[in-house]
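*Asks:* Just a sequence and a predicted model for now, questions to come.
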Amino acid sequence: MDLDSDTVDSRPNGDAGPDDATPTADRLARTTLDAATWGVVLALLGAALLGVVGLVVGNGLVGFKRGLFVFGFLAMGGSLLALRPRRPWNRGGGRDGDAGRDESAERSDPPADAASGPPTLLPDSLAPDPAHRASWGLRLFFGGIWALVGSYVLETVFEVVPV
């Protein structure tokens, strides 16, 4: 049996576009870099807010470090709720193997501009395609990781520990 490209893949030979199921390493790196950059921005915003609160309350750097730690875990927890699948597996409303009604037919897709979110902070040469940008859940997850890294650095490198 001779297997040519048309029998293995039903698409025409020149139709493998950017919406292919497997992302390229370049696209994945750009998307991850964009999400990590937004994570740094979110961690810095949280750190600025917690720095002001820590100084107003009077705990100084120890209160700031503890607040950064709590912010990191809350950001990671919130991001995991945002990253959960939209349509859980095997969740049908019917009985006897009936999968229930199809909710995807009722839901309209958002416009392409709404999915891309705010502008990227990267230069144009590194910016990902707007259709392939990371979700806010992933950006918030990176923000939580950066906040926890900042808390760890404050404790180990700068020795900001409670007395």
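*Replies:* Happy to help now that I have it.
*Asks:* going forward, measure contacts and count neighbours with C-alpha atoms only.
*Replies:* Noted.
*Asks:* and whichever strand or helix holds F73, average pLDDT?
*Replies:* For F73, the host element (DSSP states H and E) is helix 60-82. Helix 60-82 shows an average pLDDT of 91 in the prediction.
*Asks:* Who are the packing partners of it?
*Replies:* Counting contacts by 3 or more Cα pairs under 8 Å, 6 or more residues apart in numbering; DSSP states H and E, helix 60-82 packs against helix 25-57, helix 136-156.
*Asks:* contact partners of it?
*Replies:* For helix 60-82, the external contacting residues (Cα atoms under 8 Å, 6 or more residues apart in numbering) are 46-47, 50-51, 53-55, 136-148, 150-151, 154-155, 160-162.
*Asks:* Buried among those residues? Make that a ChimeraX selection.
*Replies:* To isolate the buried ones among the contacts of helix 60-82 in ChimeraX, judged by 16 or more other Cα atoms under 10 Å, type:
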select :46,47,50,51,53,54,136,137,138,139,140,141,142,143,144,145,146,147,148,150,151,154,155,160
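*Asks:* Now tabulate the helices and strands packed on helix 60-82 in TSV and tack on distance to M76 and mean pLDDT.
*Replies:* Listed next are the helices and strands packed on helix 60-82 as TSV, based on distance: least, Cα to Cα, whole Å; pLDDT from 0 to 100:
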stretch	distance to M76	mean pLDDT
helix 25-57	11	88
helix 136-156	5	94
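*Asks:* Now tabulate the ones you listed in JSON lines and tack on distance to K65.
*Replies:* Below are those laid out as JSON lines (distance: least, Cα to Cα, whole Å):
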{"stretch": "helix 25-57", "distance to K65": "9"}
{"stretch": "helix 136-156", "distance to K65": "5"}
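*Asks:* residues of the helix holding F73 that come out buried?
*Replies:* Neighbour-count burial for helix 60-82 [16+ other Cα under 10 Å]: 61-73, 75-77, 79, 82.
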